[in-house]
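>>> Sequence and predicted model, in that order:
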Amino acid sequence: MTTELYPSWRQLFGSDSEPEGMETREFRVLHKRGEPFLYLPKMRVAARNALNLYPAQRTLARLARTAMNFSLCFGLPLPRTKVPLATNAPFAKFLKKLTHSGIMPEFSVLAGNPSAPGRRFIFLVFDSNGTPRWVVKAGTEDSAAALIEREADFLQRLPTDLSGAPRVAARFVDGSAKAFAMDYADGDSPRDPEDGRIERTLSSWVDDSRELCPAELPVWRQLVDSDADPDLVAHLTTLLRNRTVHPVIAHGDFTPWNIKESYKAKGWVVLDWERGERDGMPGWDWFHFVTQSAILGRGQRTDEVARTVEELLSSPTFLHYAALTRIQGVERLLMLGYLLHHAHVIRPGEGRAETLALLEVLQSGWNIFQEERGRPSRGSMV
């Protein structure tokens, strides 16, 4: 029997020599751009809860998710597929151990991009009532397993009381396959976070016991070694050479769709820490949240995103954060550095062209090459 999830599926739920150890599961399958991406379990209540794995941000995506929920409520047909499970395979035993029942639990699967290196799978594991309890991230290819291991290691090294960070509940290693489990974070992504919650979260990640030059931080060294414009990078580095800032714990992909407003945790739970840094650049998570929400979430034009950036840099909450992290006066230099890093180091699959367009508009408007004292022009750019 074949399935779109092979070969990674077979590495996780490999064939069992004992017939009684084999089971077949039926999933409802949702497609995106022609590719299967979300596998919903047969149990209807679990399938509806599994839609929370779909990080719908734009209006059409949210409408699509609502339509899917409607279809599940009323039993309307969705494409289905059957997949084999070796319930005695090591990864299956890992999932059973989470439930403390010895029974193979119901689960859904969010499949990663099949064309991207390091394809990972996110399993949402349910209890017997169809209530989501655990999230498991798994990968089998070398690059995927490395990302899984890096994220789990990073989370386990964070302070246990760090605001917004999830807890690693269990880890799995079997040959090239690696996975880790976290408690499920309830709630949805924040729709209107401009009420101080960004500042409260990011301010709690500041290490005010140390001061470092931005060029000493790992992300800036990555930028220097990238294919970004060497003259621009060198000029930014020169302008920042005599400045010190407080490093921060940085998430690296801080966006609404990686945040849950958890009722159980009584606050934000921030997910997907695979780009996390202990010595991170202050401001970059906030820049990422604002620019990528505008580009990917709202589909704003470049001039609109540029105005959004200016509004951020002059907002009272950001100015308070800038003072706390000691980046006041160099915010625009760090914004340009962030855009360069995102475009030339991260190289995202979506939004890269828009990020480069924003970089060009801001760089032109701020005239940093005309600046000799380390403070960019604050003139209008749009």
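Now that the structure is in, tell me what you want to look at. Keep in mind that this is a model prediction, so the values were computed, not measured. Residues are numbered from 1 along each chain as shown.
>>> Outside of the one helix or strand Thr308 maps to itself, list whatever touches it.
Per DSSP states H and E, Thr308 falls inside helix 302-313. The contact list for helix 302-313 (C-beta atoms under 8 Å, 6 or more residues apart in numbering) reads 286-287, 290-291, 294-295, 300, 318, 331-332, 335, 354, 357-358, 361-362, 365, 381-382. Every residue, glycine included, has its C-beta placed from N, CA and C.
>>> tell me what the next helix or strand after that helix is packed against?
Once helix 302-313 ends, the next helix or strand along the chain (criterion: DSSP H and E) is helix 316-325. Helices and strands touching helix 316-325, by 3 or more C-beta pairs under 8 Å, 6 or more residues apart in numbering; DSSP states H and E, are helix 197-203.
>>> Can you point out the buried residues in the helix it packs on?
If you call a residue buried by 16 or more other C-beta atoms under 10 Å, then helix 197-203 has these buried ones: Arg197, Ile198, Glu199, Thr201, Leu202, Ser203.
>>> Could you do stretch 281-298 as well?
Within stretch 281-298, the residues that count as buried by 16+ other C-beta under 10 Å are 281-297.
>>> Same question for stretch 296-306.
Neighbour counts using 16+ other C-beta under 10 Å place Leu296, Gly297, Gln300, Thr302, Val305, Ala306 of stretch 296-306 among the buried residues.
>>> three-state assignment of the third one?
Right, the one you point to is Gln300. With DSSP: H, G, I helix; E, B strand; the rest coil as the basis, Gln300 sits in coil.
>>> Report all helices and strands that the top strand by length along the chain contacts.
Longest strand in the chain by number of residues (criterion: DSSP state E): strand 22-32. Applying 3+ C-beta pairs under 8 Å, 6+ apart, one finds that strand 22-32 contacts strand 35-41, strand 80-86.
>>> Of those strands, which is nearest Pro132?
strand 35-41 (10.7 Å; C-beta to C-beta).
>>> from the chain's centre, how far out does the next helix or strand along the chain from that closest one sit?
Heading C-terminal from strand 35-41, the first helix or strand you meet, by DSSP H and E, is helix 44-50. Between the centre of helix 44-50 and the centre of its chain there are 23 Å (C-alpha atoms, centre = their mean, to the nearest Å).
>>> With stretch 176-187 instead?
13 Å.
>>> Over to stretch 309-323?
Counting by C-alpha atoms, centre = their mean, stretch 309-323 is centred 23 Å from the centre of its parent chain.
>>> Likewise for stretch 248-260?
That offset, for stretch 248-260, works out to 6 Å (C-alpha atoms, centre = their mean).
>>> Pull it out as CSV, backbone CA atoms only.
C-alpha atoms of stretch 248-260 as CSV (Å, rounded to 0.1, in the frame of the first residue of the first chain):
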residue,chain,number,x,y,z
VAL,A,248,18.4,39.0,23.8
ILE,A,249,17.1,35.5,23.5
ALA,A,250,15.9,35.6,19.9
HIS,A,251,13.3,33.4,18.4
GLY,A,252,14.2,34.0,14.7
ASP,A,253,10.7,33.5,13.2
PHE,A,254,8.6,35.5,15.5
THR,A,255,5.3,35.9,13.7
PRO,A,256,1.6,35.6,14.6
TRP,A,257,1.3,32.2,13.0
ASN,A,258,4.0,30.9,15.4
ILE,A,259,2.3,32.2,18.5
LYS,A,260,-0.7,30.8,20.4
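>>> quick one: average confidence on that stretch?
Averaged across stretch 248-260, the pLDDT comes to 95.
>>> With stretch 12-30 instead?
Here stretch 12-30 scores 73 as its mean pLDDT.
>>> so Phe154 touches Arg275, yeah?
No. Contact criterion C-beta atoms under 8 Å: Phe154 and Arg275 do not qualify, at 9.2 Å.
>>> Now for Thr244: which residues touch it?
Thr244 touches Glu211, Leu212, Cys213, Arg326, counting by C-beta under 8 Å, 6+ apart.
>>> of all the residues you listed, which two lie farthest apart?
Across those (C-beta to C-beta), the longest gap, 11.2 Å, separates Cys213 and Arg326.
>>> tell me, what's touching the two both at once?
Arg243, Thr244, Val245.
>>> From those, pick the one nearest Ile346.
Nearest to Ile346 out of the shared contacts of Cys213 and Arg326 is Val245 (C-beta to C-beta; 20.9 Å).
>>> who touches that closest one in this structure?
Val245 makes contact with Glu211, Leu212, Cys213, Pro214, Met281, Pro282, Thr325, Arg326, Ile327, Val330 under the criterion C-beta under 8 Å, 6+ apart.
>>> same thing but at 7 Å, please
The contact partners of Val245, taken as C-beta atoms under 7 Å, 6 or more residues apart in numbering, are Glu211, Leu212, Pro214, Pro282, Thr325, Arg326, Ile327.
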